[in-house]
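[1] Curious how this folds, go ahead:
(one chain, ligands or ions: 1)
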Amino acid sequence: MGRKFVVGGNWKMNGDSNQINEIINNLKNGSLDPNAEVVIGVPAIYLAQVRSNTPKTIGVAAQNCWKADKGAFTGEISAPMIKDVGAEWVILGHSERRTIFGESDSLVAEKVANALQHNLKVIACIGETLEERESGKTEEVVFRQTKALVPAIGDKWNNVVLAYEPVWAIGTGKTASPQQAQDVHASLRKWLAENVSAEVAQSVRIQYGGSVTAANAKELAACEDIDGFLVGGASLKPEFVNIINAKH
Ligand SMILES: O=C[C@H](O)COP(=O)(O)O
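    Below is the predicted model of the structure:
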């Protein structure tokens with residue numbers, strides 16, 4: 001069976017109640033490709049509101065969560081809390097979490113393990129910096145980041161989407177070329193075949209993220225190993241509908 005196209009909108013720390021209503025109305029009124037799965041990544045404080053105002057056909061994701069279920073972790077939210085308000089997904093290991101908040105590969109893995117244990121679906125982000133790309137380390141970095149996730153995921157790959165987001169392409173307007181993105185996705189699939197299983201390599205969905213817009217989405221979506229997008233800035237705009245519909 002083919003891999004279902006999956007498009008995530010990561011709102012990051014953007015939006016207020018008015019803007020969120022506009023985004024949701026845009027999705028409700030847009031004619032969305034029924035063959036594409038859609039997930040919106042919402043600031044934690046709006047998760048319950050968005051979940052109750054958004055059609056169930058659209059998944060709702062938190063943008064982060066802690067690795068423990070509860071306790072003295074001021075300011076954090078837990079996987080059980082995300083489930084409790086009805087959201088189904090969590091984005092983990094985003095490069096902004098890794099860079100700004102110092103999240104290591106092993107912390108990201110612990111978070112992934114806990115989220116999966118609570119039956120959340122996970123968008124797990126990986127990707128190299130510009131310096132790493134320019135020094136020829138792209139594969140080394142994304143393989144290292146993925147390797148850290150393997151024991152955390154165990155046999156739960158069905159509940160995981162990988163998001164390849166080159167850090168140099170995030171919010172910069174510098175999209176990876178379709179060939180650059182395809183090359184990394186294909187290498188990741190090969191690595192998964194060699195280090196996890198042929199079945200996982202074939203079935204896991206790998207999103208591309210980094211300055212995806214309605215203008216470049218179709219060409220990227222046509223690549224064999226690109227199974228969707230994780231969209232930042234453009235997911236706040238009406239063009240998000242065109243990105244969702246880019247595959248078909
Ligand atoms: O999670 C989304 C990525 O960080 C991409 O953000 P962007 O589309 O604004 O470049």
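[2] is residue 121 in a bridge, and if so with what?
    On the basis of DSSP bridges, residue 121 is bridged to residue 89.
[3] Likewise for the one 5 residues further on?
    Note on residue 126: beta-bridge partners by DSSP bridges are residue 164.
[4] how deep is it tucked in, by neighbour count?
    Here the count is done by other C-beta atoms under 10 Å, and residue 126 has 26 residues near it. C-beta coordinates here come from the backbone N, C-alpha and C atoms, glycine included.
[5] And for residue 82, nearest residue in space, chain neighbours not counted?
    On the basis of C-beta to C-beta, 6 or more residues apart in numbering, the spatially nearest residue to residue 82 that is not a chain neighbour turns out to be residue 62, at 4.7 Å.
[6] isn't the one you found right up against residue 90?
    Yes: taking C-beta atoms under 8 Å as the definition, residue 62 is a contact partner of residue 90 at 4.6 Å.
[7] shared neighbours of those two, anything?
    In terms of C-beta atoms under 8 Å, 6 or more residues apart in numbering, residue 62 and residue 90 are both contacted by the residues residue 82.
[8] In contact with the residue of the chain found nearest the ligand, which residues?
    Scanning the chain for proximity to the ligand using C-beta to the nearest ligand atom identifies residue 232 as nearest, at 2.3 Å. Residue 232 makes contacts with 10, 12, 170, 171, 209, as judged by C-beta under 8 Å, 6+ apart.
[9] rerun at 10 Å
    8-12, 14, 41, 94, 96, 165, 170-171, 209-212 (C-beta atoms under 10 Å, 6 or more residues apart in numbering).
[10] what's the answer for residue 162, then?
    Contact criterion C-beta under 10 Å, 6+ apart gives 93, 122-126, 142, 145-146, 149, 153, 185, 188-189, 192, 204-207, 227, 230 as the residues in contact with residue 162.
[11] Quick check: phi and psi at the closest residue to residue 225 other than its chain neighbours.
    On the basis of C-beta to C-beta, 6+ apart, the spatially nearest residue to residue 225 that is not a chain neighbour turns out to be residue 185, at 3.6 Å. Backbone torsions for residue 185, taken as degrees, to the nearest 10, come to phi -60, psi -40.
[12] burial of residue 185, as a residue count?
    Residues contacting residue 185 under the criterion other C-beta under 10 Å number 21.
[13] my guess is it meets residue 227, correct?
    Yes: taking contacts as C-beta atoms under 10 Å, residue 185 lies within contact range of residue 227: 8.1 Å.
[14] Could you name every residue contacting both of those two?
    Residues touching both residue 185 and residue 227 comprise 162, 206, 207, 208, with contact defined as C-beta under 10 Å, 6+ apart.
[15] Now, these that are in strands?
    Restricting the shared contacts of residue 185 and residue 227 to those inside strands, with DSSP state E as the criterion, leaves 162, 206, 207, 208.
[16] got the contact list for the second one?
    Applying C-beta under 10 Å, 6+ apart to residue 206 gives the contacts 3, 6, 126, 161-164, 181, 184-186, 188-189, 192, 225-228.
[17] so residue 33, which of the three states?
    When states are read from DSSP: H, G, I helix; E, B strand; the rest coil, the local structure at residue 33 comes out as coil.
[18] could you list every residue that touches residue 172?
    Neighbouring residues of residue 172 by C-beta under 10 Å, 6+ apart: 130, 166, 210, 211.
[19] Leaving out the residues flanking it, which one is nearest to the third one?
    Meaning residue 210. Skipping the residues right next to it in sequence, residue 210 comes nearest to residue 169 by C-beta to C-beta, 6+ apart, at 2.7 Å.
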